[in-house]
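Enquirer: A predicted structure for the sequence below; I have some questions about it.
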Amino acid sequence: MTVIESVASEADADPKMPPGVLFEGPVVDAKFLDSYIAFGFMIGGSIAALVWAVWQGIGRVEVSVFVGMFVLTTIGIGFMHRYFVHRSFRCNPVMRTIFAAIATLAVQGSILKWVSNHRRHHLHSDKPGDVHSPYYDGSGNRYLSFVKGFMHAQGGWVWDQATTDGEYYAKDILADPISMFFTRTRWYWYAISAVIIPGAIGYAFGGVHTMIGCVLFSGLFRSYLMTMATSLVNSVCHSEGHYGYRRFKTDDGTTNELVTTILTFGEGLHNNHHRFPRDAYLSHAWYEIDINGLIILGLGKLGLVHDIFMAGSRAARAGAEGGKASVPDTEAAV
């Protein structure tokens, strides 16, 4: 039984008020406080970064730091997703600490919050109770407009008057001292990612002027753009074929989409992921490039992680050996 399956049965959930969703109280208040502060800095910093780029210009240092931090934190979200949410592999406490640090540097919420939201998403995928479905809002009301639903999935869900109960969806995270250390100290890691690392590199290679450009462009603007890129998985990759293609038949609107896959290092292979949610490697064809999955496999070769879960690959091999098609659904992109 997977972590997701162990949470609850969807048949037991009230479609309007699913278990594990909080609509009031201090946890909801804390969610809004976190969101106001984080997005205030990221959006304000992004506007300032664009003004700075036009007014002062940016150089190779700013661009290099932007790319380097984008790559590092995109890999971090891969660890957040495949290790902390789905337990796609195992590792020792030292590696878990490293993964937790890189994941938190992504500035996309604490490990506790990210894991809770994503497990709830899987349990109610594209149904009432889904955290960021393009079809239902946070109260389980169906969107009649595709545009409104798309915008909700792309980021509007952050402002729902509801949040996910970590006590219900992430008891393992609450019991893990490493995960909870990074959850409690998340704002320090956000500052390290968005300000300290870019600023220090900028100052070292170009002085105060380059430092300011790095903080604005490579720190705050990069953090916001990466959040938007990750959110494409919620909007574009739940489009029921409007974007991308469906390799497998699933009971939700998930698709695999090329641009999102490239930007997120493989997380855009979302239909594959929902068919085999615990898999560490999501690719099922040569053209499905899963960089995060390849990194995990490489770490396995080095002995830094172990027990890598690969149910989809085993199913494909079994199908090939049995003479059966390993890909039951190949709907064309709309």
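Expert: Cool, got the structure.
Enquirer: run the chain-centre distance for stretch 54-73.
Expert: 22 Å (Cα atoms, centre = their mean, to the nearest Å).
Enquirer: what of stretch 64-77?
Expert: 14 Å.
Enquirer: list the contacts of it.
Expert: With Cβ atoms under 8 Å, 6 or more residues apart in numbering as the test, stretch 64-77 has contacts from 99, 102-108, 193, 197-198, 201-202, 214, 217-219, 221-223, 225-226, 229-230, 263-265, 267, 291-292, 295. All C-beta atoms are positioned from the backbone trio N, CA, C, and that covers glycine.
Enquirer: ok, now with 6 Å
Expert: By Cβ atoms under 6 Å, 6 or more residues apart in numbering, the residues outside stretch 64-77 that reach it are Ile102, Ala103, Leu105, Ala106, Pro198, Ile201, Cys214, Ser218, Arg222, Met226, Thr230, Phe265.
Enquirer: doesn't the fifth one lie inside a helix?
Expert: Yes: Pro198 sits within a helix when classified using DSSP: H, G, I helix; E, B strand; the rest coil.
Enquirer: could I get the average pLDDT for stretch 30-37?
Expert: For stretch 30-37, the mean pLDDT works out to 94.
Enquirer: for the remainder of this discussion, apply numbering that starts at 729.
Expert: Will do, 729 is the new start, and the previous item becomes stretch 758-765.
Enquirer: next one: that stretch to chain centre, how far?
Expert: Using Cα atoms, centre = their mean, the offset of stretch 758-765 from its chain centre is 18 Å.
Enquirer: can you redo the contacts of stretch 792-805 as JSON lines with secondary structure, distance to Ser774 and neighbour count?
Expert: JSON lines is the format used below for the contacts of stretch 792-805 (DSSP: H, G, I helix; E, B strand; the rest coil; distance: Cβ to Cβ, whole Å; neighbours: other Cβ atoms under 10 Å):
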{"residue": "Ile830", "secondary structure": "helix", "distance to Ser774": "22", "neighbour count": "20"}
{"residue": "Ala831", "secondary structure": "helix", "distance to Ser774": "22", "neighbour count": "27"}
{"residue": "Leu833", "secondary structure": "coil", "distance to Ser774": "18", "neighbour count": "23"}
{"residue": "Ala834", "secondary structure": "coil", "distance to Ser774": "16", "neighbour count": "26"}
{"residue": "Pro926", "secondary structure": "helix", "distance to Ser774": "14", "neighbour count": "31"}
{"residue": "Ile929", "secondary structure": "helix", "distance to Ser774": "19", "neighbour count": "21"}
{"residue": "Cys942", "secondary structure": "helix", "distance to Ser774": "14", "neighbour count": "32"}
{"residue": "Ser946", "secondary structure": "helix", "distance to Ser774": "12", "neighbour count": "29"}
{"residue": "Arg950", "secondary structure": "helix", "distance to Ser774": "9", "neighbour count": "28"}
{"residue": "Met954", "secondary structure": "helix", "distance to Ser774": "11", "neighbour count": "23"}
{"residue": "Thr958", "secondary structure": "helix", "distance to Ser774": "15", "neighbour count": "22"}
{"residue": "Phe993", "secondary structure": "coil", "distance to Ser774": "22", "neighbour count": "20"}
